[in-house]
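Enquirer: just the structure for this:
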Amino acid sequence: MNAPVDVSFFARAAKPITSYRPYWAKRFGTAPFLPMSRSEMERLGWDSCDIILVTGDAYVDHPSFGMAVIGRVLEAQGFRVGIIAQPDWQSAEPFKALGKPNLFWGVTAGNMDSMINRYTADRKIRSDDAYTPGDVGGKRPDRAAIVYSQRCREAFKDVPIILGGIEGSLRRIAHYDYWSDKVRRSIVVDAKCDLLLYGNAERALVEVAHRIAAREPIAQITDVRGTAFVRRPGDPTAEGWIEIDSSDVDMPGRVEDHINPYLTTSEQAQAQGQTCTKEEGGSAAPEVNPAIKPLNFMPNPALVSKRKAPPRDRSVIRLPSYEQVKSDAVLYAHANRVLHLETNPGNARALVQAHGEGSVARDVWINPPPIPLTTAEMDYAFDLPYARSPHPAYADAHGKHDGPTKIPAWEMIRFSVNIMRGCFGGCTFCSITEHEGRIIQSRSEESIIKEVEDIRDKVEGFTGVISDLGGPTANMYRLGCKSPEIEAACRKPSCVYPGICSNLTTDHGPLIKIYRRARELRGIKKVLIGSGLRYDLAVKSPEYVKELVQHHVGGYLKIAPEHTEGGPLSKMMKPGIGSYDKFKQLFDKYSEEAGKKQFLIPYFIAAHPGTSDEDMMNLAVWLKKNGFRADQVQTFYPSPMATATAMYHSSMNPLKGISRDPERAERVDIVRGDKRRRLHKAFLRYHDANNWPLLREALKAMGRSDLIGNGKHHLIPTFQPMTDGSYQSARRKNSTPLGKASERAAAVVKPGAKPVQPRKGQMLTQHTGLPPRQTGGAAKRKPG
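Expert: As a prediction, this is how the structure comes out:
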């Protein structure tokens, strides 16, 4: 860990989002739903909208949908906000449906990146879209943020465009684009937006909205944290900044030593002759001989000014230009590494990246990340009057949102409560940290309980079961650094890798209290936990694991070991499989004490950078040994800006440092090509007869023919049944056409035969053909 920096943004108090004077239109009051048509505007008494939000999702007025949160926050500030959801992008006419916005357009592709939403990890087009009524695909364009921005500009040329959402966040600098297999420009350049807000943008958006409402030109709004914009060379607003040149991997300029994430916090501090902990008790101090005098080194006054680091709040790091990273994978990895080091709001500096040359030269300027919301501000955003349902425009003839008009994403979170934001896990394949940050932002207990009560009392169809109390991770609520000073100075990419930081509080007490209070509410039958669990943190609190297992698991609990082998796990920055084993012991113990049969659902990733064929073979052997049969296979998906994507593109490990010297830089085994990706997926589905020919060929080439045979210790058999090459995944619409697969499956079970029961002690998941849940419904049915 580095020594504390000279200026800590994070220690400064940001202006509360509740402290602004409401805009004059506050007098119109609160809309039951933000309007999507002129007729709705007229019923509200509006002649125009101050702000129009354009989104690639259907409009669901629920705090789990980004546009609903942004819209309601702006409404609470007094602005008249309209929404254009999933417009036809073939022309600009649908973008004129609500008229001309008085202040600005707010554009987002939706809750998901439009390319990830549209294409599978194998670049195949999906036929479904969970954010669309009827689960219909194709209702938003590819690269929706760019297309929507262009149509907004075409509709009303002089209205500012503010871009946001995860698609914009993950493309704020030049980035590798998996779908075109090339490096693309910053989305700020391609979308031609006036301002990009990255991350959770409530704080930045509220400030920007009020400044535009005060008639400040948007071109002059360049000092808001969490924003990115274009500056031309010689722009006077850039005066006074101290530029740090990091445009070449061999000459990083005055950039602090890069953190090695493979060292623990104490090891890093020891390497620098420092300590990160407040106190280090234990051994007594060694005796000091008073006759021995320490040497005193005096600084050379002539060099003091040269050594002094420039103030961070006026420093900007120049990354390699778009043209450089486009043609040089080493520089791309270097730029990605620097960007990830500048993500802590407490010490991050501005970044700048040149795009174009000559007359078209311009800089994409990225301000430091936004200051996280306080608990009071989180409560403010989540306590707003959400309708908690899709807009009435999507209802069927009976006014319902079921059947053909059902929106699957809403159905999934309909009875859930989001209790926090952020994640300090730092998994390299995940983009949560890049978008939401690693500082946990938690709601208050009272706000959470109030929402549970609102669901119970107001949401139609509620049966007494809360489907989730969670967030990006189930059990990071109110966890954070023990010291605000250390938190503001820390530059580590993860608080839990390679081990849990000694400065991280792991007290699950506040979360346990919320669980217990929620399940004891009148009318609440069950509170389930559906968010992914960070089990290496959970084992630090056996009381939490007991509460979770005995009261909040509906038969199955999902966790994500991702792999069993050290090679890929080190590239993912995930804990070893030993942490999983420790958690499973507690899980089984407390399940048995409660007299419940419950099962873990582990998830694994195939084809992740750093994964060898041998690694996947060992994982397959582990799966068979433990009785797993994975039906739903996750293949590594290179999302923009993720560290693992930089590995995929450059074949280098940015975590270890970047160098052109092959002896100093760590090369990473990258799984490219359809055949090898299919092989890695086949190892996860070793039980599927369609994969056996490919696996036999691979095992023989690897010299592991000993795993081919008909015994229990063998991975695949020697015989080959008739197969049709198909496979049905949990997402049936994305499966290979089944053909005769269903007939084959039916033929496996002989008429009159009893279903195969798993052997005693076998680890079961949804991947193995689990026994049906015992709901009591079967017992109540009478024969005949």
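Enquirer: what about Glu411, distance to Ser149?
Expert: Distance of Glu411 to Ser149, given as Cβ to Cβ, to the nearest Å: 30 Å. Heads up, the C-betas are built off the backbone N, CA and C, glycines and all.
Enquirer: these two - which one has more neighbours?
Expert: Neighbour count, other Cβ atoms under 10 Å: between Glu411 and Ser149, Ser149 has more, with 24 against 16.
Enquirer: how about the contacts made by that one?
Expert: For Ser149, the contacting residues are Trp105, Val107, Ile161, Leu163, Ala191, Lys192, Cys193, by Cβ atoms under 8 Å, 6 or more residues apart in numbering.
Enquirer: go again using 10 Å as the cut-off
Expert: 54, 105, 107, 143, 161-163, 168, 187, 190-194 (Cβ atoms under 10 Å, 6 or more residues apart in numbering).
Enquirer: give me the nearest residue to it, chain neighbours excluded.
Expert: The shortest distance from Ser149 to any residue other than its chain neighbours is 4.0 Å, reached at Ala191 (Cβ to Cβ, 6 or more residues apart in numbering).
Enquirer: go ahead and confirm Asp88 touches Lys96.
Expert: No: using Cβ atoms under 10 Å, Asp88 is not in contact with Lys96, being 11.8 Å away.
Enquirer: joint contacts of those two?
Expert: Arg151.
Enquirer: these two: who's more crowded?
Expert: Shown here are Asp88 and Lys96; by other Cβ under 10 Å, Lys96 has more neighbours (17 against 11).
Enquirer: and the pLDDT for the residue lying closest to that one once chain neighbours are set aside?
Expert: Nearest residue to Lys96, sequence neighbours excluded (Cβ to Cβ, 6+ apart): Ala155, at 5.1 Å. Turning to Ala155, the model gives it a pLDDT of 98.
Enquirer: which residues does the residue nearest to Ser149 contact?
Expert: Per Cβ under 10 Å, 6+ apart, neighbours of Ala191: 107, 143, 145-150, 152-153, 161, 163, 167-168, 171, 185.
Enquirer: measure it to Ala228 for me?
Expert: Ala191 is 11 Å from Ala228, by Cβ to Cβ.
Enquirer: what does Leu528 give?
Expert: Between Leu528 and Ala228 the computed distance is 39 Å (Cβ to Cβ).
Enquirer: and what of Val60?
Expert: Distance from Val60 to Ala228, by Cβ to Cβ: 28 Å.
Enquirer: then Thr55?
Expert: Distance from Thr55 to Ala228, by Cβ to Cβ: 20 Å.
Enquirer: can you check Leu34 too?
Expert: According to Cβ to Cβ, Leu34 and Ala228 sit 26 Å apart.
Enquirer: same question for Leu103.
Expert: 20 Å.
Enquirer: any stretches of the stretch 301-450 of the chain with poor pLDDT?
Expert: In the predicted model, the stretch 301-450 of the chain carries pLDDT under 70 at residues 301-308.
Enquirer: the strands in it, which residues?
Expert: Taking DSSP state E, counting those that start in this stretch as the criterion, the stretch 301-450 of the chain carries its strands at 315-318, 350-355, 362-366, 389-390, 416-418, 420-421, 441-442.
Enquirer: Thr55 and Ala228: which is more packed in?
Expert: More crowded of Thr55 and Ala228, by other Cβ under 10 Å: Thr55, with 29 against 26.
Enquirer: that one against Ala109, yeah?
Expert: Yes: between Thr55 and Ala109 there is a contact under Cβ under 10 Å: 7.7 Å.
Enquirer: what do the two both touch?
Expert: Arg140, Ala144, Tyr148, Gly164, Gly165.
Enquirer: Leu600: helix or strand, and which one exactly?
Expert: Leu600 is part of strand 599-606 when elements are defined by DSSP states H and E.
Enquirer: quick one, the helix or strand following that strand and strand 599-606 angle?
Expert: Next along the chain after strand 599-606, taking DSSP H and E as the criterion, comes helix 613-625. Helix 613-625 and strand 599-606 meet at an angle of 160 degrees, taking axes from the mean of the first three to the mean of the last three Cα atoms, to 10 degrees as the criterion.
Enquirer: CA atoms only: put helix 613-625 into CSV for me.
Expert: Listed in CSV are the C-alpha atoms of helix 613-625, where the atom choice follows Å, rounded to 0.1, in the frame of the first residue of the first chain:
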residue,chain,number,x,y,z
ASP,A,613,-6.5,-27.1,-21.4
GLU,A,614,-5.0,-29.0,-18.4
ASP,A,615,-6.7,-26.5,-16.1
MET,A,616,-10.1,-27.2,-17.6
MET,A,617,-9.4,-31.0,-17.5
ASN,A,618,-8.6,-30.8,-13.8
LEU,A,619,-11.8,-28.8,-13.3
ALA,A,620,-13.8,-31.4,-15.1
VAL,A,621,-12.3,-34.1,-12.9
TRP,A,622,-13.2,-32.1,-9.8
LEU,A,623,-16.8,-31.7,-11.1
LYS,A,624,-17.2,-35.4,-11.7
LYS,A,625,-15.6,-36.3,-8.3
